[in-house]
Each structure stands twice: as structure tokens, then as C-alpha cells.
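S.K.: The following comprises the amino acid sequence and a computationally predicted model.
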Amino acid sequence: ERDLERVRAMGLGTAPVCMAKTHLSLSHDPALLGRPRGFRLPVRGLVPAAGAGFVVALCGDIQRMPGLGREPAFTRIDLDDEGRITGLA
């Protein structure tokens, strides 16, 4: 409920909602395959994506992907003149 109050205070109370849940089911439970009926969808938190103009509803035991740092690691990886990979350490 605190998350909902925060989202409303940010002016996102009527924003579109992106549901972060398992891809295996319409529910939050990956064991309920396909289109189960009669389930409740637990929302354990709301995360505002204010810049994008939507709210993410975290449903069930879902892991969110971390964002990239200021400089992604791939920018340091290269091949030297002898074909050896550098920049991994």
C-alpha cells in the first residue's frame, strides 16, 4: 500500500502497468501453466518507471534484471595482434 501511495504521489496513479511475472503462465506461479483459472495474483511491490511513464508491478517471486553500469564491460574487451582476447580480467 505504501508503494501505491508513492506511485500516486508521483503522478503515476493512472499510468500503464507492466507486470513482472513468470513467462510460463498468466499467473505469478510457473507451475500453473498456460491460462489457469481462479487464481489470485499477488503483487509484492510497485516500482515507478517515471521517465518511461509506467509502473512495474512485481508479481510473485520474480527476479529483475540489473541495469548496466556507466561503462559496460564489453567496451574493454578486444583482440590483440596475435588473436588473443584482452580486457577480461
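M.R.: Ah, there it is. Numbers count the residues shown, from 1 in each chain.

S.K.: pLDDT on whichever strand or helix holds residue 55, on average?
M.R.: Using DSSP states H and E, residue 55 sits in strand 54-59. Averaged across strand 54-59, the pLDDT comes to 93.

S.K.: Ends of stretch 64-83, what's the gap?
M.R.: 36 Å (CA to CA, to the nearest Å).

S.K.: go on, stretch 34-48?
M.R.: End-to-end distance for stretch 34-48, by CA to CA: 28 Å.

S.K.: What of stretch 27-42?
M.R.: Stretch 27-42 has an end-to-end distance of 9 Å (CA to CA).

S.K.: and that stretch, how far from the chain's centre?
M.R.: 19 Å (CA atoms, centre = their mean, to the nearest Å).

S.K.: Number of residues surrounding residue 28?
M.R.: Neighbour count of residue 28, defined by other CB atoms under 10 Å: 21. Where C-beta positions appear, they are placed from N, C-alpha and C, glycine not excepted.

S.K.: hang on, it packs against residue 21?
M.R.: Yes - using CB atoms under 8 Å, residue 28 is in contact with residue 21, at 5.0 Å.

S.K.: who touches both of these two?
M.R.: Residues touching both residue 28 and residue 21 (CB atoms under 8 Å, 6 or more residues apart in numbering): 41, 59, 60, 62.

S.K.: And the furthest pair within those residues?
M.R.: Using CB to CB, these span at most 11.8 Å, a distance reached by 41 and 62.

S.K.: Please enumerate the shared neighbours of those two.
M.R.: Residues touching both residue 41 and residue 62 by CB under 8 Å, 6+ apart: 21, 28.

S.K.: Which of these two has more residues huddled nearby?
M.R.: Higher neighbour count among residue 41 and residue 62: residue 62, with 17 against 13, using other CB under 10 Å.
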